[in-house]
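> Okay, structure incoming, though there's no sequence with it:
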């Protein structure tokens with residue numbers, strides 16, 4: 001244990017003590033940074049608050065009871081709205097850092113983390129940017145520049161709009177703008193010309209995009225123009241390029257870390273192949289899908305790229321891997337959301353390692369790096385990273401992102417209040433969240449608000465540990481989450497056998513294959529009857545109920561058969577409903593689409609009556625643009641509008657044929673359930689309506705075992721009569 005940061009710096013060969021850090025981020029990024037550095041500080045100094053954190057807080061994050069604000073030593077109120085007003089506002093970040101006498105700024109991921117203007121502005125002050133310099137960020141952080149550099153240093157690259165553009169980087173020292181322009185597409189004519197060379201399927205990508213934003217898959221010419229315009233809209237002003245789509249491949253990535261003395265290392269790797277809309281949802285490590293010898297080449301290529309631009313800090317080199325071949329995808333000049341996967345298998349605390357590098361400590365003197373090479377943590381010997389072997393990765397980790405998304409609607413983002421969030425860490429499963437119970441997610445937030453990690457001696461043990469943890473988590477509120485769906489994904493043969501690929505989950509979603517195991521239909525509707533009249537699986541249920549006893553009810557749909565249920569109210573607004581001899585814990589939420597029930601942890605949706613003439617938004621957001629003309633005729637399946645929900649652009653689809661009339665103008669702020677347009681139906685009589693359930697209810701057991709002794713029967717009859 002060191003007495004001070006200054007003493008540690010002196011012992012480890014550093015240059016600058018960092019004791020006050022501005023966290024220019026929010027959500028789980030800010031939470032993870034503060035937690036990781038405080039853990040390191042306690043182990044190193046015996047004082048978890050040796051490093052002070054200043055947070056930025058918008059009105060929306062304060063109202064949402066954001067966890068990182070409560071964790072920080074101090075917070076600064078900043079303007080609300082989109083992130084260009086706050087967490088991505090470079091001049092505001094620098095001004096706050098100077099005013100609070102910060103030694104450094106940590107930007108994490110998203111927001112300003114990949115904007116070279118931030119490290120450039122901080123370089124004019126005495127404040128350190130915890131990450132790469134502006135030059136390296138511009139060269140490797142930009143997807144176009146990094147691909148030019150990769151193919152120039154003999155790293156395999158798929159056909160793209162910049163194929164054939166090479167540079168002698170050692171001679172030039174930078175990538176001139178004219179090289180980048182050769183690879184860009186700026187209008188639809190250039191898009192079509194590049195497409196003819198590359199062929200379908202392909203990806204349209206914004207070089208400044210990320211996190212599923214600014215990327216679209218195109219399989220045919222009819223999709224080309226709309227998707228190009230969507231990418232332009234999601235990342236305004238960003239250069240755009242095209243890249244051949246590699247189908248059925250693994251998305252593998254190498255974690256790299258570099259210091260200011262020219263050393264760079266790989267910290268194992270991760271497999272992030274389970275994705276929806278090109279955004280990761282399940283990650284794992286180490287990356288065992290690749291052949292070990294090929295993986296070594298991928299690690300060396302990643303280190304070579306980092307050293308070429310004198311990269312400082314943490315970064316990730318991403319590859320596509322298929323049939324024993326790998327192709328460079330991009331380099332992210334920042335920490336990735338999924339970095340804790342690498343932390344657990346390597347023993348390297350990455351935010352703390354970032355801090356050490358920012359303080360000028362060489363990689364060979366950082367204690368956790370030395371342990372990864374099998375050396376004494378606080379030794380002083382240099383390390384030849386090219387020849388010294390790393391210890392083997394420790395076990396296997398699987399990570400699941402907890403997002404405010406509805407998997408039943410293609411992972412559409414949702415927002416709103418959270419009334420309960422219960423998760424219990426164990427020695428093998430841990431996680432963190434950006435909000436707790438009684439919080440919420442606003443429309444400007446990222447859809448991810450939690451991350452869970454499960455460790456095991458092998459991959460299958462980690463998988464089983466994660467499944468158990470997901471089955472025990474409880475999240476209730478306005479939002480939807482994929483927790484149940486993640487359990488079902490982890491239980492598939494494809495995931496268990498590692499035959500997954502980047503298109504696997506999207507394929508499941510487009511095929512409408514139902515993975516989620518729902519409660520028995522009759523049990524579900526009998527539980528739902530405690531709330532209101534129901535429509536379930538296109539059948540409408542109208543129950544007659546008679547109360548008999550304090551909490552006993554008889555339900556029927558006709559004169560011939562009754563079903564007895566027992567209903568007890570709980571203090572947290574839940575119901576315990578006993579039917580057919582089994583107890584069901586039930587929670588109900590009304591949302592714009594209908595009644596949503598959680599029955600024994602399984603979600604059942606009871607939709608409102610189908611009305612295709614009224615086109616509504618199912619979630620809060622902003623109307624970005626109309627995709628068809630007002631008053632035009634549309635066919636079923638036609639995208640008629642695009643909305644922005646939690647930083648993602650989502651198309652809205654016409655369910656039936658007819659003439660459309662928009663009720664809201666472009667730029668309108670939406671609330672859930674609001675009418676966007678009406679539809680004059682082409683054939684109203686052909687619309688499928690729900691059918692009334694007119695059969696007798698099935699014969700079910702009584703809620704509880706009947707008492708047989710005469711005096712018990714008599715007492716029960718008297719209690720029931722008193723309660724009538």
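That came in fine, so what should we check first? Keep in mind that what you see is a predicted model, and the values were worked out from it rather than measured.

> List the buried residues in stretch 659-666.
By neighbour count, with 16 or more other CB atoms under 10 Å as the criterion, the buried positions of stretch 659-666 are 660, 662, 664. Where you see a C-beta, it was placed from the backbone N, CA and C, and this is true even at glycine.

> Contacts only, for the second one.
Contact criterion CB atoms under 8 Å, 6 or more residues apart in numbering gives 626, 630, 641, 676, 677 as the residues in contact with residue 662.

> Apply 6 Å and report the result again.
Listed by CB atoms under 6 Å, 6 or more residues apart in numbering, the contact set of residue 662 reads 626, 630, 677.

> these two touch, right, residue 399 and residue 281?
No. Look at residue 399 against residue 281 with CB atoms under 6 Å: they stay out of range, at 9.5 Å.

> By mean pLDDT, flag the weakest helix or strand of this protein.
One helix or strand of the chain scores below all others by mean pLDDT, DSSP states H and E: helix 710-723, with a mean of 70.

> residue ranges of the strands in the stretch 351-500 of the chain, please?
Counting by DSSP state E, counting those that start in this stretch, the stretch 351-500 of the chain has strands at residues 396-403, 405-406, 412-413, 416-422, 429-433, 439-441, 448-456, 474-477.

> For residue 6, which of those strands is the nearest?
Comparison of the strands of the stretch 351-500 of the chain against residue 6 by CB to CB identifies strand 429-433 as nearest, at 30.3 Å.

> buried ones in the closest one?
Burial within strand 429-433, assessed by neighbour count using 16+ other CB under 10 Å, is assigned to 429, 430, 431, 432, 433.

> isn't the third one right next to residue 454, touching?
No. At 9.1 Å, residue 431 and residue 454 do not qualify as touching, with contact defined as CB under 6 Å.

> and the residue lying closest to residue 85 once chain neighbours are set aside, how many neighbours?
Once its chain neighbours are removed from consideration, residue 85 has its nearest residue in residue 79; the separation is 4.4 Å (CB to CB, 6 or more residues apart in numbering). Using other CB atoms under 10 Å, residue 79 is surrounded by 12 other residues.

> what's near enough to touch residue 557?
Residues counted as contacts of residue 557 (CB under 6 Å, 6+ apart) are 693, 697.

> please redo it, this time with the cut-off set to 8 Å
Under the criterion of CB under 8 Å, 6+ apart, the neighbours of residue 557 are 541, 542, 543, 544, 693, 694, 695, 696, 697.

> Over to residue 412?
Contacts were defined as CB under 8 Å, 6+ apart; by that measure residue 412 touches 405, 406, 618, 619, 645, 650.

> before we move on, what SS does the residue nearest to residue 85 have?
Following DSSP: H, G, I helix; E, B strand; the rest coil, residue 79 is assigned to coil.

> I'd like to know how far it sits from residue 368.
If you measure residue 79 against residue 368 using CB to CB, to the nearest Å, the figure is 38 Å.

> quick one: residue 3 and residue 44 touch, right?
No. Under the criterion of CB atoms under 8 Å, residue 3 is not in contact with residue 44, lying 10.6 Å apart.

> ok, those two, which is more surrounded?
Looking at residue 3 and residue 44 with other CB under 10 Å, you find the greater number of neighbours at residue 44, namely 18 against 10.

> what's the closest non-adjacent residue to residue 597?
When the adjacent residues along the chain are set aside, residue 597 lies closest to residue 604, with 4.8 Å between them (CB to CB, 6+ apart).

> check contacts around the one you found.
With contact set as CB under 8 Å, 6+ apart, residue 604 has these partners: 518, 519, 524, 528, 536, 596, 597, 598.

> could you dump the buried residues of strand 429-433 to TSV with pLDDT and distance to residue 391?
Listed next are the buried residues of strand 429-433 as TSV, based on pLDDT from 0 to 100; distance: CB to CB, whole Å:
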residue	pLDDT	distance to residue 391
429	97	24
430	95	22
431	94	26
432	91	26
433	92	32
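
> quick one: which of those is nearest residue 32?
When the buried residues of strand 429-433 are compared for distance to residue 32 (CB to CB), residue 432 wins out at 6.1 Å.

> burial count for the nearest residue to that closest one once chain neighbours are set aside?
Leaving aside its chain neighbours, residue 432 sits nearest to residue 31 (5.4 Å; criterion: CB to CB, 6+ apart). The number of residues packed around residue 31, counting by other CB under 10 Å, is 25.

> same deal with residue 379?
Close neighbours of residue 379, defined as other CB under 10 Å, add up to 12.

> Which phi and psi values does it adopt?
According to degrees, to the nearest 10, the main-chain angles of residue 379 amount to phi -70, psi 170.

> dump the residue contacts of it.
Going by CB under 8 Å, 6+ apart, residue 379 touches residue 370.

> any weak-confidence spans in the chain?
Counting by pLDDT under 70, the ranges of the chain that qualify are 211, 513, 516, 647, 706-708, 712-713, 716, 719-724.

> Would you mind identifying the next helix or strand past the lengthiest strand in it?
Once the chain is assigned using DSSP state E, the strand that runs over the most residues is strand 264-276. The C-terminal neighbour of strand 264-276 among helices and strands, as given by DSSP states H and E, is strand 279-285.
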